[in-house]
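1. model this:
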Amino acid sequence: MGQQVFATNSLGGFLTNNTLSAQVRYKAQTMQKFRQFCDMEPAAGTNRGNKVFFDKISNISTSGGTLTETDTIPKRNYTITQGTLTITEYGNSIPFTAKVKTLSDIQVPETVRTVLMNDMRVVLDSAAATQFMTNDYIATITNTATTTFGSAGLALATAGANMSDKNVRDIVDKMKILLIPKREDDNYACVASTNSVRGLYDFFEAKAQLTTLDPLYRGEVGRYYNTRFVEETNFLSNSDGSNGLYGEACFFGADAVREGVAIPEELRVGIPADFGRDQAIAWYALLGFQQVWDFSSDGQTRIITVNSL
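-> Below you'll find the model as predicted:
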């Protein structure tokens, strides 16, 4: 065997000059889809306090009807309930030294910005998703032919399957019965986990040949029964129900969740300390999310979540 070897630095390893790839790889990110469906609250903003109050108007107390000629028209009223959207601070930071920034072959501030941007998107989308999924009205996919509904914030059954086309029709029909208004494009929306979407595709593939499933467009995975389906991998569980095999989803119509913004999300470069040796970059936002209608208090909802015991 040779006496000069690579494995020992003093016998050969020091003769090499390792290089660092200029291509930086980042950990794969989730698909964040909930926040795009929030409605902006125009009453929020700077110099307006940390709460936005919004009024919700009931129907008339007693419906009108026929009149007798000698009777006066009855006098009725409506009631007002008030919801609250709270503005909250969000943020995170990564500090680094001037030394690592100066001596590194890779641009440290650029990698810091990318990592922070990824974190910011995940955190804010999760905050929005929490409002969509914290809902009183719950659908459970008992099996591909049966959907069980609960209306007190608790699921009434354990999921035994992922959604089928029959379950979708059950849920959408329930939304119509509950008078949930459609969104501005005259459709409902559904944000679904990967397992939920896979369950749908198992039933949709044959239907697609008959044009019951519209062509995919604008990042959606499909549209069926007046509902646009969007897949997400950031917040919803893929291990719900019996043996943890099934996925969560969220169906909703118009005016489901509002977002109020005082300061939109942004990256901030910290003021260097210790004569420039201590540096940092942060992301920051001053905003909030709030589900608008609560079935337990308002007697109606805009959302049906899909999960189980």
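
2. distance of the closest residue to Arg302 other than its chain neighbours from Asp170?
-> Leaving aside its chain neighbours, Arg302 sits nearest to Ala256 (4.2 Å; criterion: C-beta to C-beta, 6 or more residues apart in numbering). In short, each C-beta sits where N, CA and C put it, glycine included. Taking C-beta to C-beta, to the nearest Å as the measure, Ala256 falls 19 Å from Asp170.

3. the more surrounded of these two?
-> Per other C-beta atoms under 10 Å, whichever of Ala256 and Asp170 has more neighbours is Ala256, with 24 against 19.

4. That one touches Asn135, doesn't it?
-> No. Ala256 lies out of contact with Asn135 (C-beta atoms under 8 Å); the separation is 9.1 Å.

5. okay, and the common contacts of the two?
-> Residues touching both Ala256 and Asn135 (C-beta atoms under 8 Å, 6 or more residues apart in numbering): 291, 303.

6. The host helix or strand of Val230: partners in the sheet, and parallel or antiparallel?
-> Val230 is located in strand 227-231, with elements delineated by DSSP states H and E. Strand 227-231 sits in its sheet next to strand 188-192 (parallel), strand 222-224 (antiparallel), going by DSSP bridges.

7. And the contacts of the helix or strand just after the longest one?
-> Spelled out, that is strand 188-192. On the C-terminal side of strand 188-192, the nearest following helix or strand under DSSP H and E is helix 194-208. Defining contact as C-beta under 8 Å, 6+ apart, one finds that helix 194-208 is touched by 141, 144, 161-166, 168, 192, 212-213, 221-222, 224, 229, 231, 233, 236, 238, 245-249, 306.

8. Surely Asn59 touches Tyr78?
-> Yes. Contact status for Asn59 versus Tyr78: in contact at 6.6 Å, counting by C-beta under 8 Å.

9. if we can go back for a sec, nearest to Pro264, out of the strands paired with strand 227-231?
-> Of all those, it is strand 188-192 that lies closest to Pro264, at 22.2 Å by C-beta to C-beta.

10. How far off centre is the closest one?
-> Between the centre of strand 188-192 and the centre of its chain there are 10 Å (C-alpha atoms, centre = their mean, to the nearest Å).

11. Next: stretch 235-253.
-> 13 Å.

12. Begin at 38 from now on, thanks
-> Understood, numbering begins at 38; the last thing we discussed is stretch 272-290.

13. For that stretch, measure first residue to last.
-> When the termini of stretch 272-290 are compared using C-alpha to C-alpha, to the nearest Å, they are 20 Å apart.

14. Any buried residues in that stretch, and which?
-> 272-275, 277-278, 283-290 (16 or more other C-beta atoms under 10 Å).
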